[in-house]
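Okay, predicted coordinates and the sequence, questions at the end:
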There are 2 protein chains.
Amino acid sequence: MSDLAALERALRDADGGRVSVTADDRARASTDRSGWVPASPPVAVVRARGVADVVATLRWASAHAVPVVPRGAGTGLAGGAVAGADAVVLDLSGLTRIVEIRADDLVAVVEPGVLTADLDRAAAVHGLRYAPDPASATISTIGGNIATNAGGLRCVKYGVTRDSVLGLDVVLADGTRTRTGRATVKGVAGYDLTSLFVGSEGTLGVIVGATLRLHPGPARTATAAAHFATVAAAAAAASAVTRAGARPAMLELLDAATLEALDAAGPPGGALLLAQADGPGADVEIDAIAAVLGRTATRLDVATDPRRADELVAVRRRALPAIERRGRVLIEDIAVPPSRLAETVTRIGELSARTGVPVFTFAHAGDGNLHPIVLTGQPFGDPGPVPADVTAVVDDIFRLALDLGGTITGEHGVGLLKRKWLAAELDAGAGELHRRIKAAFDPHSVLNPGKAL
Amino acid sequence: MSDLAALERALRDADGGRVSVTADDRARASTDRSGWVPASPPVAVVRARGVADVVATLRWASAHAVPVVPRGAGTGLAGGAVAGADAVVLDLSGLTRIVEIRADDLVAVVEPGVLTADLDRAAAVHGLRYAPDPASATISTIGGNIATNAGGLRCVKYGVTRDSVLGLDVVLADGTRTRTGRATVKGVAGYDLTSLFVGSEGTLGVIVGATLRLHPGPARTATAAAHFATVAAAAAAASAVTRAGARPAMLELLDAATLEALDAAGPPGGALLLAQADGPGADVEIDAIAAVLGRTATRLDVATDPRRADELVAVRRRALPAIERRGRVLIEDIAVPPSRLAETVTRIGELSARTGVPVFTFAHAGDGNLHPIVLTGQPFGDPGPVPADVTAVVDDIFRLALDLGGTITGEHGVGLLKRKWLAAELDAGAGELHRRIKAAFDPHSVLNPGKAL
């Protein structure tokens, strides 16, 4: 593609971003953590060094009708950042400045390549924290988190990424730079463009900056771990906690298969529920939560000292790595109404038993967001096609979520892999509105074509 | 307009909605609580009896290029529902069904004409509540609340209306009916159309149903009222409460002028801060809050019994009626970053003193959302033009909000009255995106033209 010479010149006049066409760089930029690998790699990778490089790249791409795939750390699980033969990858991982933390305003202004955990650490210096905590926080970027509206364990109290994004700095497909939102918590001047960009997976614009909401670090934290004889009992207890008026900062469920993978299983078929309360009233709140859990739990531990609490929660954080030791996994991400949580976990267990395809389910129980982890039977890291019987199980899981009034993705996004299921979730009118919005923002379909829609 | 006969026929074949052209009905439907009155009233008022009437009206309006102004209870403060000579008003206040409350899912499905307080009461039967509580809750509709993304006192902990809207049932300009969102708390399948409709003031579609999030009623509530010598001290104390890691369910500030109007003034120049905590840990949390307030307060009352707490909060709820007894008011609605709250109230006080135009300010202090109430010098209910010196003061208040990094509207919307200020808040790129979205959703500009943009 001789057009690349023009792009290189434009970048030289901008912030000095580089174009790489080495086989290694192109291969690395072709895939993400979904395991999906395109038939051939992208034509080039642009490493942006500043916003002017993003503007230059998008102007060039619009002029030459070249698809651009924006990329952060490449930790996405739905193929939103995979890039094939006709595309140029726009790598934003070099934009790593935390521009400012205004502690008195509980606000941070950051570039998109900042790792989520790095922002949280920088906020901690001021006694604050960045609430969204996806499992990938130490390796994923804020830009990627915004593009997928990432979640995490603390969402049940503090909301998803969208709830922490006050405003965005965006470069549109034609190279126009614009700002959305504001630095205030509330505001209704104009359409909610910020929410429209959050979760749009790089298809509407490239996020080059974000004004984020911070929260005070919790004065106290208290934790309860409760074992139950059945997953249905654990799910019912999770609902009861919420109905009792407690606002846990974490409410996680692990099914029997997951506990077995963790060597933490009690009696067969059991389940574990982890609850955490935070804030000045944490000790009182965890007592209220424990009182609810204790009605049906077979075992109950409560910890108010931080070290012991960390031990209890560590079980949850080790769940995915423990399963991944058994081979290649597909990390699914459905959500259902709270009352259907027990039924969903139970039916996924039945599906696994019936098909012989191992499925381990843990869930952000307070949000009704489940992660069924499906073993493909292949070695970990195998990039080959997923066996048909495994794909059939995954399809059944999506169908189950929709049948129970839920969604095909709670916090990972649609990307490339869930597109065929999106049409089953959206009605015709909503599908048409998606196409019209895409055309209004990106008339030449330059931005991450073939994703999310 | 002889076309009305065709509309009447279409409604007869739909749900039997009625068209009124009486002078009384048209005059009533021409204005809202902003006080703005169009030069001449709308041509007709359609009283919808069901969704099919909405579809029929929009199809007819699209075919005949007639502007449609959707209307709930007409309690808006920014002129979003005012309707002039060329328009037909689509009155949705008759769609008052609470379709279902699924207590186990913490979800309600409602029609748009349900009064917000009626939903809250219906939820209370199940031990639940609808969190958003605009001051107008007893007279405004859910549809109107969604159209303006209404706020209220509890937003500081429970979020604004947007945070309680899981999904919408919408009729588009061409009569297409579509659903957005879902019944789950989390979900990232597709663009966030729900957030795009919330706050769009009837310019993108007509909301005919909503799936709303409910919260458990609080197990306990505890309240603190603290007087301070200056408004700056009160604002600083509000910031300190938040920084200390407390999550008050209410954090309200009343300035000296407001206290005087309430006959609740202490020494001149003082201010009052009201804080409420809720949940199982409410008593502990209010102690933590009171400890922070007590450092600088001149007087501090704490109440954990509900009756005494209600008395403390009643002062805040009486503020606006007390000021309205002095004559016609303009209810403004700016928001600023938390660190600028004190400066904002102080400078509004100085502006009032300098110009002689009385301004009373109370604020949702935890959100940085201020309501400067400006006396026009006219009798209450006077529909005449606002005096130029009063308009100048209001303009200065908007300019101040923007200068301090804030917004011209925190929770009331842009409507008709703040349009000229919107251009000062949005940059050129965002303005252009607004126009493109409007054109994509409503190509013939049938829906509430001339508002919000």
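Cool, the structure landed. Numbers count the residues shown, from 1 in each chain, chains lettered A, B, ... in the order given.

From here on, just use CA atoms for contacts and neighbour counts.
Will do.

Check the spacing between the spatially most central residue of chain A and chain B real quick.
Taking C-alpha atoms, centre = their mean as the criterion, A:Ala150 is the residue nearest the geometric centre of chain A, at 3.1 Å. Separation of A:Ala150 from chain B (C-alpha to the nearest C-alpha, to the nearest Å) stands at 9 Å.

what's the answer for A:Pro218, then?
From A:Pro218 across to chain B, the span is 6 Å (C-alpha to the nearest C-alpha).

Assess the claim that that residue and A:Gln276 are in contact.
No. Counting by C-alpha atoms under 8 Å, A:Pro218 stays clear of A:Gln276, with 11.5 Å between them.

Compare neighbour counts for those two and give me the winner.
Between A:Pro218 and A:Gln276, A:Gln276 has the larger neighbour count (other C-alpha atoms under 10 Å in any protein chain shown), namely 27 against 19.

Make sure the more buried one is indeed in a strand.
Yes. Assessed with DSSP: H, G, I helix; E, B strand; the rest coil, A:Gln276 lies in a strand.

In the stretch 301-450 of chain A, what residue comes closest to chain B?
Per C-alpha to the nearest C-alpha, A:Gly410 is where the stretch 301-450 of chain A lies closest to chain B, at 4.0 Å.

Count residues in the vicinity of that residue, would you?
Neighbours of A:Gly410 under the rule other C-alpha under 10 Å: 29.

C-terminal to the helix or strand of chain A with the lowest mean pLDDT, what's the next element?
Within chain A, no helix or strand scores below helix A:306-317, which has a mean of 88 by mean pLDDT, DSSP states H and E. Using DSSP states H and E, the helix or strand that follows helix A:306-317 towards the C-terminus is helix A:319-324.

after that next one comes which helix or strand?
Following helix A:319-324 toward the C-terminus (DSSP H and E): strand A:329-331.

show me where the stretch 1-150 of chain A has strands.
Along the stretch 1-150 of chain A, the stretches classed as strands by DSSP state E, counting those that start in this stretch are A:18-20, A:44-47, A:68-71, A:88-91, A:98-102, A:107-110, A:128-129.

Pull up the pairing partners for the shortest one, direction included.
Strand pairing for strand A:128-129, using DSSP bridges, gives strand A:215-216 (antiparallel).

hmm, back to that, now the closest residue to the residue nearest to the centre of chain A other than its chain neighbours: which helix or strand?
Distances taken as C-alpha to C-alpha, 6 or more residues apart in numbering or on different chains place A:Glu411 nearest to A:Ala150, at 5.0 Å, with adjacent residues excluded. Under the criterion DSSP H and E, no helix or strand holds A:Glu411.

Identify the residue of the stretch 251-400 of chain A closest to chain B, quick one.
A:Gly281 (4.4 Å).

Nearest residue to that residue in space, please, no chain neighbours.
Residue nearest to A:Gly281 in three dimensions, not counting chain neighbours: B:Gly281, with 4.4 Å by C-alpha to C-alpha, 6+ apart.

Please tell me I have it right and the one you found contacts A:Ile289.
No. Counting by C-alpha under 8 Å, B:Gly281 stays clear of A:Ile289, with 11.0 Å between them.

re the thing from before, the residue of the stretch 301-450 of chain A closest to chain B reaches A:Ala363, doesn't it?
No. Using C-alpha under 8 Å, A:Gly410 is not in contact with A:Ala363, being 10.8 Å away.

and for those two, which residues touch both?
Shared contacts of A:Gly410 and A:Ala363, defined by C-alpha atoms under 8 Å, 6 or more residues apart in numbering or on different chains, are found at A:Asn369.

Per the annotation, how does chain A divide into domains?
Annotated domains of chain A cover A:98-216, A:221-403 [automatic domain parsing].

Start and end of the first one, how far apart?
In other words, domain A:98-216. 18 Å (C-alpha to C-alpha, to the nearest Å).

Please state the mean pLDDT value computed over that domain.
What domain A:98-216 shows for mean pLDDT is 97.

next one: it to chain centre, how far?
Its chain's C-alpha centre and that of domain A:98-216 lie 13 Å apart, by C-alpha atoms, centre = their mean, to the nearest Å.

cool, and stretch A:425-442?
Mean-position distance between stretch A:425-442 and its chain equals 22 Å (C-alpha atoms, centre = their mean).

And chain B, is it touching that?
Yes. Residues of stretch A:425-442 contacting chain B under C-alpha under 8 Å from any C-alpha of the partner chain: A:Glu425, A:Leu426, A:Asp427, A:Ala428, A:Gly429, A:Ala430, A:Leu433, A:His434, A:Arg436, A:Ile437, A:Ala440, A:Phe441.

Identify the residue nearest the fourth one in space, chain neighbours excluded?
If you skip the residues right next to it in sequence, A:Ala428 has B:Thr178 as its closest partner in space, 7.4 Å away by C-alpha to C-alpha, 6+ apart.

mind saving the C-alpha coords of the strand or helix carrying that neighbour as CSV?
Using DSSP H and E, B:Thr178 maps to strand B:177-181. Below are the C-alpha coordinates for strand B:177-181, written out as CSV (Å, rounded to 0.1, in the frame of the first residue of the first chain):
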residue,chain,number,x,y,z
ARG,B,177,-42.0,1.4,17.5
THR,B,178,-38.8,0.1,19.0
ARG,B,179,-37.4,-1.0,22.3
THR,B,180,-34.0,0.0,23.8
GLY,B,181,-32.0,-1.4,26.6
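
secondary structure class for A:Leu300?
Under three-state DSSP, A:Leu300 falls in the strand class.

Just list whatever residues bridge to it.
In beta-bridge terms (that is, DSSP bridges), A:Leu300 pairs with A:Ala226.

mind checking how far it is from B:Val99?
For A:Leu300, the distance to B:Val99 (C-alpha to C-alpha) stands at 40 Å.

residues near A:Asp86, how many?
Neighbours of A:Asp86 under the rule other C-alpha under 10 Å: 14.

one step back: give me the more crowded residue out of A:Leu300 and B:Val99.
Shown here are A:Leu300 and B:Val99; by other C-alpha under 10 Å, A:Leu300 has more neighbours (18 against 13).

A:Ala234 is in contact with that one, correct?
No. Taking C-alpha under 8 Å as the definition, A:Leu300 is not a contact partner of A:Ala234, at 12.0 Å.

before we move on, back to that, out of the strands of the stretch 1-150 of chain A, indicate the one that is most buried.
strand A:68-71 (a mean of 30; mean count of other C-alpha atoms under 10 Å in any protein chain shown).
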